[in-house]
Structures are given as structure tokens and as C-alpha cells.
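# below is the sequence, then the predicted model.
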Amino acid sequence: MLTKTISHFLAGVALSAAVSGCSGLPNLNEKPDLRPFEKPLAINTRPKRMAIGNGFVVAIKEDGTVWSWGSGYYGQLGTGKEDWRHFQPKQLPQLSEMVEVATGIYHVLALKSDGTVWAWGKGWEWVHKPPFSVKTGDKKVYIPTKIVGVANVKRIAATSNGYVFLTKDGDLIGWGNNEGDPFNSPEKIVATPTVYAHVPDAVSLFSGVDVTGVIRADGSIVTWGRLNQVDEKTLSTIKIADINTVGFLTQILAQDGFVYAATSTSTEVLGQGKPIKGGGFMRVKNLGRIVQIADVMGPMALDETGRVWQWGASVLSEPDPGGNGVTREYTPIVTFKLTGVSEIYPWAAFTRDGSVYFWGQGQGGVRTRDWQDHRPSQEEWTQPEKINWTWK
């Protein structure tokens with residue numbers, strides 16, 4: 001049943017089909033396919049080719065080159081200087097043959113095909129100490145710099161103030177702020193890259209604010225630190241294809257194509273159709289045959305037909321600057337149709353023709369245009385906009 005919020009939205013707004021590649025009004029009547037997959041979904045081992053930080057973007061093209069744009073005051077754009085606003089994507093010439101990127105708050109990691117890792121941006125002194133090879137006390141690194149002593153890496157991830165790597169041999173290497181114990185160490189600060197676990201059958205890596213973890217080949221997970229609202233009983237019954245955790249929300253994509261969510265606060269992210277008390281993992285309603293979930297504060301999922309489903313806060317409109325006027329969707333809905341979606345990222349999508357689209361955010365210039373002092377219309381907020389960068 002449509003909520004009052006949605007009814008008011010449709011009554012007061014008439015959206016056009018002006019956005020390239022996108023058709024029609026927000027379609028709030030899309031019906032999900034709730035059949036489980038006949039063949040189990042494979043564990044997601046695909047490296048992430050785009051990382052969206054606090055008002056900035058770092059992304060990899062098909063040819064292995066790395067590009068950045070947005071707000072780079074802390075050096076996170078890797079251009080060699082502080083860029084307050086850099087709207088047009090710029091290639092980072094130091095990097096080639098790259099396969100994955102990851103971001104913390106203001107620091108960036110990039111993984112090369114040869115298993116070496118590069119980093120830049122603002123860390124804290126414990127993150128940017130040797131062997132990162134920067135000056136003592138310099139807390140900003142303006143160009144991509146190879147991390148000395150780290151090799152044979154197959155996946156990378158970032159906590160809010162730290163780095164984590166998974167090697168091809170199954171070693172977990174952590175470095176940075178250890179609040180919450182994501183690096184399995186008695187130290188509050190892990191000052192150099194340190195092996196903290198060995199999981200030989202680990203096939204994928206994930207991290208959150210103060211948690212790290214791996215997915216094993218059998219679809220189970222191993223974690224270190226604080227995974228939000230862990231429900232061991234439910235976890236033991238789920239074969240996991242993917243997992244992400246950001247702050248108060250943890251999402252699991254099961255191999256049968258269903259999504260499970262757990263939260264300690266805003267219950268709209270549980271997708272139960274109504275406000276309920278938060279707790280352990282619950283299967284999201286009105287959602288099935290999902291092939292990818294996005295690591296985002298507002299939940300997103302891509303189904304096998306290419307539809308992007310969203311639920312939680314501010315799906316249909318941006319809250320005002322004071323944080324008021326938040327709309328909440330307690331059931332997953334489809335707000336647009338975009339042809340040929342192949343990958344999703346936080347409020348962004350890659351399409352098979354090489355195009356990249358953003359919606360629901362624009363701060364810092366992530367849409368490759370000025371968003372300063374700009375409050376988006378409902379159409380701008382809900383409908384994908386093709387940006388001035390392609391992944392092919």
C-alpha cells in the first residue's frame with residue numbers, strides 16, 4: 001500500500017523523461033519476483049571499480065586507469081594538491097593496470113593487478129607512518145604512493161580510519177585505528193601493516209566503520225570488530241553471496257537471491273513494510289532475485305532484470321539542511337527505469353554501454369558539475385543523471 005508520503009509526492013510533482021537513458025515517472029508499482037534462485041548465486045568476488053567518499057569519487061576505467069573528481073581539500077583526489085572543487089574527472093598518471101579502489105573518510109586505496117597497493121589522501125599519523133614513506137608528521141598525501149612491504153594482495157577495503165588487505169594466500173593485513181578491534185590486536189593503533197588473521201579459504205573481503213571480515217568459500221563469514229546487530233543463529237542458516245556494513249546497517253545478500261538486514265536504529269532500513277523494533281537479521285520484504293547490493297547508508301539492490309530497488313530514508317526527496325522533512329520508505333520500491341544496468345554503487349550505476357549515472361546526491365561535485373548551495377528538485381533527486389565520465 002502506498003504511503004501518505006508517496007501519495008503527496010505524486011500529487012505534487014510531475015516528472016519529465018528529460019534525463020538521458022531514464023524513462024518515466026518514479027514507478028512505485030513495480031512487482032518483485034519472489035521466487036528463490038534455482039541455481040545458487042555465486043559469492044561476489046568482483047573488485048569494486050568505484051569508491052565514493054565524503055563528496056568525492058575515485059574510479060577505474062576498463063583500461064585500468066584511475067580517475068578522480070569532487071572535493072579534494074585533504075588530498076583525496078590524488079592530483080598533487082588540495083582541490084577544493086574539481087568537477088571534471090582527472091586521470092592520475094601514476095596509476096595503471098589498477099583493478100580495485102576503496103575509500104575511508106578522506107583516504108583512498110588502489111589495488112594494482114600485480115598485487116601491490118597504493119594510497120593517498122588524509123590519514124591520521126598512525127595511518128601514514130612508514131613504511132608508507134612520507135615525511136614524519138605529514139598527515140596528507142597528495143599523490144598516489146606505493147605501500148612498501150605489502151604484496152600479493154587480491155582484495156582491499158577501508159575502515160573509517162584504517163586499511164585492510166586480503167592476500168592471495170589468505171592473510172588479513174590491517175593498519176590504522178583499531179577502535180572496536182577490527183584488526184584483532186590489543187593495540188589501540190596498529191602503526192604498520194600487520195597480519196592479524198589467516199583464512200586460507202577466504203574469497204571476498206568486507207569492512208565497515210570498525211569491523212573487518214571475509215566471506216569463505218562455503219558461504220560463511222568470519223569477522224573481527226563490531227558487526228552491527230549480529231544474529232549468529234540467523235547467520236548460521238544463510239549461505240552468503242555478499243555482505244556490507246556501514247554504521248548502523250548491515251545487509252546480507254543470500255545465495256537464494258533474498259536480502260537480509262539488521263539495524264540498531266532506523267528501522268525503515270529493515271524493509272518490513274512498517275516501523276518495527278530493530279534487532280537481528282530480518283529478510284527484506286517485497287524483494288527477490290537480487291544479484292547485487294550496494295554498500296550505502298540508504299539500502300539499494302539490483303535484481304536480475306536490471307531494476308534498482310531502494311528503501312529507507314530520503315528515497316523520494318532530500319531532507320532540508322536542518323535534517324528535517326525526511327521521507328521514509330519501509331518497503332523497497334523502484335523509482336526509475338534505467339536501461340542496461342550492470343553494477344550499482346552508492347546512489348550510482350554503471351550501464352553496459354559504458355555510461356555512469358548518479359542520483360540522490362551531488363555534494364562536492366560527484367555528478368561532475370557544481371552542486372554548491374544547490375537544493376535539488378525532486379526530479380533531480382530521484383532520477384539518474386548521466387555524468388561526464390565513462391567506465392569504458
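The structure has been received and is ready for your questions.
# tell me the domain ranges of this structure?
21-43+228-338, 45-218+348-392 (automatic domain parsing).
# now do the end-to-end distance for the longest one.
In terms of CA to CA, to the nearest Å, the two terminal residues of domain 45-218+348-392 are separated by 20 Å.
# ok, now stretch 96-112?
Stretch 96-112 has an end-to-end distance of 7 Å (CA to CA).
# out of the domains of the chain, which gets the lowest mean score?
Of all those, domain 21-43+228-338 carries the lowest average pLDDT, namely a mean of 85.
# just how off-centre is that domain within its chain?
13 Å (CA atoms, centre = their mean, to the nearest Å).
# any chance you could map the helices in this protein?
4-12, 232-235, 378-382 (DSSP state H).
# what residues of the shortest one count as buried?
Put plainly, it is helix 232-235. Leu235 (16 or more other CB atoms under 10 Å). C-betas here are computed from N, CA, C, even on glycine.
# same check, this time on stretch 167-185
Those would be 167, 170-184, for stretch 167-185 by 16+ other CB under 10 Å.
# again with stretch 96-108
For stretch 96-108, by 16+ other CB under 10 Å, it's 98-108.
# let me see the contact set for the residue nearest the centre of the chain.
Nearest residue to the geometric centre of the chain (CA atoms, centre = their mean): Asp295, 3.3 Å. The neighbourhood of Asp295, defined by CB atoms under 8 Å, 6 or more residues apart in numbering, consists of 244-246, 345-346.
# what separation do you get for it and Ala349?
Separation of Asp295 from Ala349 (CB to CB, to the nearest Å): 14 Å.
# sorry, back to before: need the contacts of Asp295 in TSV (columns: distance to Trp309 and neighbour count).
What follows is the contacts of Asp295, written out as TSV (distance: CB to CB, whole Å; neighbours: other CB atoms under 10 Å):
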residue	distance to Trp309	neighbour count
Asn244	15	19
Thr245	19	26
Val246	17	19
Tyr345	15	21
Pro346	14	20
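# closest one of the residues you listed to Ser160?
Val246 (9.8 Å; CB to CB).
# the closest one bridge partners, please.
Following DSSP bridges, Val246 is listed with bridge partners Leu249.
# can you check Lys337 too?
Residues in beta-bridge contact with Lys337 (DSSP bridges): Ser23.
# check Val259 too.
Where Val259 sits in a bridge, its partners, by DSSP bridges, are Leu253.
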